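Student: Mind looking at a prediction? Sequence and model below.
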Amino acid sequence: MKKIHPSLKKRDYLSFTTFRKVGTAVSTPVWFAGDNDTYYIFSAADAGKVKRLKNSPKATVAACDFKGSVDGELVAGQAVILEHQQDIALALAALQTKYGWKMTLTNLLSRLTGKYHKRSYIRFIATL
């Protein structure tokens, strides 16, 4: 497994893989933003990936399309659920910068449906 390649920043989706207690990998295509070897992801707080991260920070990412078909190298790392407001604000700013009007629309729809404040934000850091 390799560190995150700089060209990954140009992609819209990552295949974000977390692991069940029994070790089974579960992958999900997600929006992401960040730089170097740190990326931010958002998700519904009650999503499986968030629950799995509470059991283990082990995660991997790879470039993928919107359906989750992986077409990039696998990168291993650790993922944590952000709890501090300043970390969440940093994640939101990175996602807004990358996705622009798409993120604005997503946020608006989430607010209208009452899901905006039920989100979790995740930091993924690649390891060697």
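Tutor: Right, received. Where do you want to start?
Student: And the strands in this structure?
Tutor: 13-19, 25-30, 33-35, 38-44, 58-64, 75-81, 119-126 (DSSP state E).
Student: now the fourth one against strand 58-64, angle please.
Tutor: What that stands for is strand 38-44. On the basis of axes from the mean of the first three to the mean of the last three C-alpha atoms, to 10 degrees, strand 38-44 is oriented at 90 degrees to strand 58-64.
Student: in this protein, what secondary structure element scores lowest on mean pLDDT?
Tutor: strand 33-35 (a mean of 83; mean pLDDT, DSSP states H and E).
Student: Listing partners with orientation, what would you give for that one?
Tutor: Paired strands of strand 33-35, with direction, are strand 38-44 (antiparallel) (DSSP bridges).
Student: outside of the strand it pairs with, which residues touch it?
Tutor: With contacts defined as C-beta atoms under 8 Å, 6 or more residues apart in numbering, strand 38-44 is touched by 4, 14, 16, 30-34, 49-50, 61, 79, 82, 90-92, 94-95, 115, 118-126. For glycine as for every other residue, the C-beta is placed from the backbone atoms N, C-alpha and C.
Student: Spell out for me which residue occupies the centre of the protein.
Tutor: residue 41 (2.6 Å; C-alpha atoms, centre = their mean).
Student: mind checking how far the closest residue to that one other than its chain neighbours is from residue 45?
Tutor: In this structure, residue 41 finds its nearest non-sequential neighbour in residue 122, 4.4 Å apart by C-beta to C-beta, 6 or more residues apart in numbering. From residue 122 across to residue 45, the span is 11 Å (C-beta to C-beta, to the nearest Å).
Student: Compare these two and say which one has the larger neighbour count.
Tutor: residue 122 (23 against 14; other C-beta atoms under 10 Å).
Student: Regarding the protein, what is its longest helix?
Tutor: helix 85-99 (DSSP state H).
Student: Report the mean per-residue pLDDT for that one.
Tutor: Taken as a whole, helix 85-99 has a mean pLDDT of 95.
Student: how much space between the residue lying farthest from the centre of the chain and residue 106?
Tutor: Here the chain reaches farthest from its C-alpha mean at residue 112, the gap being 22.6 Å by C-alpha atoms, centre = their mean. To residue 106, residue 112 is 11 Å away according to C-beta to C-beta.
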